[in-house]
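Participant: Whatever this is, show me its structure:
(one chain, ligands or ions: 1)
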Amino acid sequence: MPSNPTKILLLTTLMSGVLVSVSSNSWLGAWMGLEINLMSFIPLMSNVKNMYNTEASLKYFIVQALASATLLFMVVMKTLTENLFTMEGTAYTPMIICTPLLLKSGAAPLHWWFPGVMEGLSWENCALLMTVQKAAPLMLMSYLIEINTFTLSIILLSTIVGSIGGLNQTSMRKILTYSSINHTGWMLTALAISENMWVVYFMIYSTLALTVVSAIKLSGVSFINQTMMTNKETVLMKFMMFTSLLSLGGLPPFLGFLPKWIVIQAMIANNMAPLATIVVVTSLITLYYYLKISYSSFMILNTEPKWNLSSHKNKKTKNITALSLSSISLLGMMASTIMTNIN
Ligand SMILES: *[C@@H]1O[C@H](CO)[C@@H](O)[C@H](O)[C@H]1NC(C)=O
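Facilitator: Got it, this is the predicted structure:
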């Protein structure tokens, strides 16, 4: 929680925007919630100390305003062209209303703004953009989504772009962005099957994204070549950073494997085995380069510069947060396995 009153106010209205949006019973109310949410996030992004912030917030504003305007237009068109008093709509209205929401949440063919915006933001705003800002559009999509060619191609493109796009990236923010695009695809799969499964996936994904961001922020690293340097104080941070990254990538003993497991099982139970196959292959590509980064940073290149000593003693509370979050991500799945077998 920030101590700045403006930030507290804006965070409150940001959350209320999400709540207005997900709890409204008309599309106009949903649009209003999205707009409140956007108008609170824009001032949160600005920071006089960083020149990339202006570019990022302008890009974000233009894209999101385009999406909101399109959503409003599509909703009005729906009420004008369809009969209001019989519930039947045309077959393509769900897709048409889904499209601006996909743009807002950054799913694959409409993800182009996402890496550029993330690159210019502080880590707190990156975390907000990856988690909270996705809640409202995805929740609204759950009213419309059905398993058809459109949805399947969005899911496939998101997972493929997410895994291929992260290859050879050197910026931590880019890696997290592509991971977020990929998880949007997985969340759409979960959403198309059942809403509760989406909630479980979203909660676990948000926790893990927060874990990775807090570990990265604590070690003050923005690019992966900076993770190679270490000294005795930062070994634990390196460990936290890479175990939580692997957890986000869905490597089995960690918590990140749990939502992946649930979704794969549901896909197979719903006759979506071909989709499950492709999606699992893309996650293998991801795990390949995540492991490559972790291995080279842990074992191959381990330089210990004496002059790079920055003391982390004054970061005690952040240390505790990152430590507890990353122990959830390390042991969460084992804990839940024990809990379900307890009776
Ligand atoms: C995409 O999500 C799946 C499921 O959680 C995961 O296995 C895979 O590693 C992720 N890929 C990226 C780029 O994050």
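
Participant: Need the mean per-residue confidence for the longest helix anywhere in the chain.
Facilitator: Longest helix of the chain, by residue count under DSSP state H: helix 52-81. Mean per-residue pLDDT for helix 52-81: 90.

Participant: C-terminal to it, what's the next element?
Facilitator: helix 93-105 (DSSP states H and E).

Participant: which helices and strands sit right next to that following helix?
Facilitator: helix 52-81, helix 132-141, helix 149-165 (3 or more Cβ pairs under 8 Å, 6 or more residues apart in numbering; DSSP states H and E). Just so you know, the C-beta spots here come from the backbone N, C-alpha and C atoms, and that holds for glycine as well.

Participant: and the ligand, which of these is closest to it?
Facilitator: For the helices and strands packed on helix 93-105, the distance to the ligand is smallest for helix 149-165, at 4.4 Å, taking Cβ to the nearest ligand atom.

Participant: out of the helices and strands packed on helix 93-105, deepest packed?
Facilitator: The highest mean neighbour count among these, using mean count of other Cβ atoms under 10 Å, belongs to helix 132-141: a mean of 23.

Participant: what's the angle between that one and helix 52-81?
Facilitator: Orientation of helix 132-141 against helix 52-81 (axes from the mean of the first three to the mean of the last three Cα atoms, to 10 degrees) gives an angle of 10 degrees.

Participant: sorry, back to before: with distance to the ligand added, can I get the helices and strands packed on helix 93-105 in TSV?
Facilitator: Below are the helices and strands packed on helix 93-105 laid out as TSV (distance: least, Cβ to the nearest ligand atom, whole Å):
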stretch	distance to the ligand
helix 52-81	21
helix 132-141	14
helix 149-165	4
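
Participant: Format these as JSON lines; extra columns: distance to W186.
Facilitator: Converted to JSON lines, the helices and strands packed on helix 93-105 look like this (distance: least, Cβ to Cβ, whole Å):
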{"stretch": "helix 52-81", "distance to W186": "21"}
{"stretch": "helix 132-141", "distance to W186": "11"}
{"stretch": "helix 149-165", "distance to W186": "7"}
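
Participant: just so I have it, where are all the helices in this structure?
Facilitator: So, for the chain - with DSSP H - the helices run 5-23, 27-45, 52-81, 93-105, 113-119, 123-130, 132-141, 149-165, 172-193, 195-219, 235-248, 257-269, 273-295, 316-340.

Participant: So S142 is in contact with E195, correct?
Facilitator: Yes - if you go by Cβ atoms under 8 Å, S142 and E195 touch, sitting 5.2 Å apart.

Participant: so who does the residue of the stretch 1-150 of the chain found nearest the ligand touch?
Facilitator: Of all residues in the stretch 1-150 of the chain, M130 sits closest to the ligand, at 11.2 Å by Cβ to the nearest ligand atom. With contact taken as Cβ atoms under 8 Å, 6 or more residues apart in numbering, M130 is in contact with 176-177, 180, 209, 213.

Participant: S329 now?
Facilitator: Counting by Cβ under 8 Å, 6+ apart, S329 touches 207-208, 211, 243-244, 247-248, 254-256.

Participant: go again using 6 Å as the cut-off
Facilitator: 208, 211, 244, 247, 254-255 (Cβ atoms under 6 Å, 6 or more residues apart in numbering).

Participant: can you tell me the average pLDDT over stretch 285-292?
Facilitator: Mean predicted confidence for stretch 285-292 is 93.

Participant: What ranges in the protein fall below the confidence cut-off?
Facilitator: 1-2, 83-90, 230-234, 301-318, 341-343 (pLDDT under 70).

Participant: 80 instead?
Facilitator: For the chain, the stretches flagged by pLDDT under 80 are 1-3, 47-51, 81-92, 227-235, 298-319, 337-343.

Participant: of all the residues in it, which ones are close to the ligand?
Facilitator: 162-163, 166, 178-179, 182-183, 186, 249-250, 256, 260, 283, 286-287 (Cβ under 6 Å from any ligand atom).

Participant: again, only this time at 8 Å
Facilitator: Within reach of the ligand by Cβ under 8 Å from any ligand atom, the chain has these residues: 159, 162-163, 165-166, 175, 178-183, 185-186, 205, 248-251, 256-257, 259-260, 263, 279-280, 282-283, 285-287, 290.

Participant: For the buried ones among these, write the corresponding ChimeraX selection.
Facilitator: Buried residues within these, by 16 or more other Cβ atoms under 10 Å, are selected in ChimeraX with:
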select :159,162,163,165,166,175,178,179,180,181,182,183,185,186,205,248,249,250,251,256,257,259,260,263,279,282,283,285,286,287,290
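
Participant: if I read this right, Y60 contacts G116, doesn't it?
Facilitator: No - Y60 is beyond contact range of G116, at 9.1 Å (criterion: Cβ atoms under 6 Å).

Participant: okay, among the contacts of S329, which ones form the most distant pair?
Facilitator: Greatest spacing in these, by Cβ to Cβ: T211 and F254 (10.2 Å).

Participant: ok, the two, which is more surrounded?
Facilitator: Legend: neighbour count by other Cβ atoms under 10 Å for T211 and F254, higher for T211 (30 against 24).

Participant: mind listing what the more buried one touches?
Facilitator: Applying Cβ under 6 Å, 6+ apart to T211 gives the contacts 244, 325-326, 329.
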